[in-house]
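Colleague: Pasting the sequence and the predicted coordinates here, then a few questions.
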Amino acid sequence: MVRDNDSRHWEVKKEIPEKMLAAAVRAAGMVIPESIHPKRPPQPKSLGYIALMFLICLTAGGRDQSYSGPSSAPPAYPEAPRLPRTPRRPTRPRAAARSYYVDCSAASNGAATESSPWNTLAMVSATTFEPGDRIFFHRGTTCSGILEPLGSGTTRSPIVIDAYGTGPQPIIDGGMNTAAVQLIGQQGWEINNLEIVGGNYYGVNIAGTAPNTAYTHFRLTNLNIHGAHHTAAGNDSGEVFITIGNAGETINDILIDGVTAHDSPVYNGIYIDAGVFATSTSPALLGNNITIQNSSVYNVSAIGMTLFVVTNGLMQNNVVHNSGQCPPNPGCGGGTGGLMDLYCHTCIIQNNESYDIQDYSLWDGGDYDIDVWNTNNTVQYNYGHDSIGYCVSVFSADNVVSTDNIIRYNVCSNNGRLANSPDPGEIFMNTNGAAISGTLDGVQVYNNTFYWNPATPGPAFNTVNANFSGTNPNFFKNNIIYSTVPYLVQTTSDFVLDNNIYWTAGVAPDWNFNGVDYTRFASYQSASGQDAHSLYTDPMLNTPSYHSPGRPTSALTLLPGSPAIGAGADVCSGIAGACSMGAQDFWGNPLPTGSGYNIGAWQ
């Protein structure tokens, strides 16, 4: 994010190639002279939204007919007599799906059978495939060029790309082509078990091209994607880059599973922009049912993983580290972060690890980000540590009210590593950073454990740059803050605080409420009316300073005799409407029923 350093506000811009943002820009009332041709490398330029946009920014109902690749190659479908191939031959009616084989180490080009395979990507890219077709690449071989096959499958009969034979994953080396693997205006594809190297702007690029079209069913599974060449200049590139290109488009039913995206100067690791914004004359169209799981991103210029303009989104069991590698001066023209969602409705971020997130400015570099225009998001069971910025943030802007967001059962340790940070915090909220502010209505922060050891002293729980509206509950309850600096909370009467344990190791504490600092806990409680059932005492954590890679197993749990045991509240007590304590704690332990809750992330 880029914020005004004087006001500590942040304004949001988004920069990506024109064809990927045509719909959103039209919705904002702007005009683009000409869309970029899908087969031509994009010409990145800055596009300012009038509508504020984050600058970059379960499991999706299983496949109807899943396919994980053959243990031994299936027999080739017998070829029907046909005329000699032409570079772009028309689709031929066939009685059944067919299997095609590619071995780029073969001495001569064959007929796409296992015994006589194709030996170039050009043959694959010149073919229009049909539902149920399968394209197999020989393991242990490298194919150079761009893989951009034609045709579309269906949800029930997708077109599948996979590996055959033995040995390491087949390599698709995209060189300096726009992408190594590209699907433009297509749907119903599954891509499995490849190593994808290079491409200029993208490793894998999937994009819509037809207005008012809902594309559906994409699977990327067990892929190693790395080494795209472009040096990011805004949100213009990514190892996995999936986006719409026109008004009325959505991309739906996406599962990214077991993908590693890494070691590239492109902006994004995994980026999904699945729909279009609401306008004054039309509602938003959000891509539906989108999951990123069991995947990892590291060593990219800005953002690890992003879900954008999505409903029913899920990011789970992922690891992101060392994103935000773009050097300062001038930076990359956008923000940095680990895992984030924006314009995401009913989205969940859970069971992930994010760490060592860097930043080329003073403002970002956080682990988990509930960004602008979000509703009904849950961040739970995550581990965030050793990053430049916050552990979890909540933002809003553009006169939009972000409602009903939950942060629970997370472990955050040793974040805030930026020296001279203007806005430190493990939990950080801001709605004032844009030309047009937004508000928050309903932020529930409960049963988290924080080891707060920032490079710049500041509050672990920081909400003073946020505006609140509406009647949904905003509260901070059942949390543990174990701090090495004095500053524990900086908040206002917009929040209710209770049943927390605060502790400062070797320094006097400080609570800031409605702009007044209190250094005695009893004085703070009396003057503020907050934290009536909270404690200032050592929570007796097992290895409280743990912040190593790898989710803690016993560290940051409660020792026998801890004052946090049984001292938590049912946070839903007295709340009308939907409210839940959840089903488990950070470690997967089931929660007690009705009462007996602990304070912190361990139950």
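Modeller: Here it is on my side, so go on.

Colleague: going forward, measure contacts and count neighbours with C-alpha atoms only.
Modeller: Fine.

Colleague: remind me which residues of this structure are low pLDDT?
Modeller: Applying pLDDT under 70 to the chain flags residues 1-95, 433-435.

Colleague: Next up, the contacts around Ala601.
Modeller: Contact analysis of Ala601 by CA atoms under 8 Å, 6 or more residues apart in numbering lists 408-411, 447-449, 479, 557, 585-586.

Colleague: Pro158 contacts Gly151, correct?
Modeller: No: using CA atoms under 8 Å, Pro158 is not in contact with Gly151, being 10.5 Å away.

Colleague: Would you check how far apart Asn598 and Ala583 are?
Modeller: 14 Å (CA to CA, to the nearest Å).

Colleague: do the same with Pro549
Modeller: To Ala583, Pro549 is 26 Å away according to CA to CA.

Colleague: How many neighbouring residues does Ile159 have?
Modeller: The burial count assigned to Ile159 is 26, neighbours taken as other CA atoms under 10 Å.

Colleague: Touching, it and Phe136? I think so.
Modeller: No: applying CA under 8 Å, one finds Ile159 not in contact with Phe136, separated by 11.0 Å.

Colleague: Pro158 and Gly151: which has the busier surroundings?
Modeller: More neighbours surround Pro158 than the other of Pro158 and Gly151, with 26 against 19 (other CA under 10 Å).

Colleague: returning to that earlier point: in CSV, list the contacts of Ala601 along with secondary structure.
Modeller: Putting the contacts of Ala601 into CSV (DSSP: H, G, I helix; E, B strand; the rest coil) gives the following:
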residue, secondary structure
Arg408, strand
Tyr409, coil
Asn410, coil
Val411, strand
Asn447, coil
Asn448, coil
Thr449, strand
Asn479, coil
Thr557, coil
Asp585, coil
Phe586, coil
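
Colleague: Farthest-apart pair in those residues, please.
Modeller: Largest separation among these by CA to CA: Arg408 and Thr557, giving 15.4 Å.

Colleague: These two: who's more crowded?
Modeller: Taking other CA under 10 Å, Arg408 and Thr557 do not tie; Arg408 has more neighbours (27 against 22).

Colleague: ok, which stretches of the chain are helices?
Modeller: According to DSSP state H, the chain carries its helices in the segments 18-27, 121-125, 521-528.

Colleague: what's the offset of the shortest one from the middle of its chain?
Modeller: Meaning helix 121-125. Distance, stretch centre to chain centre, for helix 121-125: 32 Å (CA atoms, centre = their mean, to the nearest Å).

Colleague: swap in the last one?
Modeller: Here helix 521-528 shows a centroid-to-chain-centroid distance of 39 Å under the convention CA atoms, centre = their mean.

Colleague: Can you give me the end-to-end span of stretch 348-361?
Modeller: End-to-end distance of stretch 348-361: 28 Å, with CA to CA as the criterion.

Colleague: Also stretch 440-454?
Modeller: So stretch 440-454: terminal residues 26 Å apart, CA to CA.

Colleague: In it, which residues are buried?
Modeller: Neighbour-count burial for stretch 440-454 flags 440-454 (criterion: 16 or more other CA atoms under 10 Å).

Colleague: can you tell me which two in these are farthest apart?
Modeller: So, the buried residues of stretch 440-454 by CA to CA: farthest apart are Asp441 and Asn453, at 29.4 Å.

Colleague: show me the contacts for Asn109.
Modeller: Contact analysis of Asn109 by CA under 8 Å, 6+ apart lists 116-120.

Colleague: Turn these into JSON lines, columns for neighbour count.
Modeller: Below are the contacts of Asn109 laid out as JSON lines (neighbours: other CA atoms under 10 Å):
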{"residue": "Ser116", "neighbour count": "16"}
{"residue": "Pro117", "neighbour count": "23"}
{"residue": "Trp118", "neighbour count": "25"}
{"residue": "Asn119", "neighbour count": "23"}
{"residue": "Thr120", "neighbour count": "21"}
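
Colleague: still on that earlier bit, okay, Asn598 and Ala583: which has more neighbours?
Modeller: Asn598 (24 against 11).

Colleague: In contact with that one: list those residues for me.
Modeller: For Asn598, the residues meeting the contact criterion (CA under 8 Å, 6+ apart) are 447, 478, 564-569.
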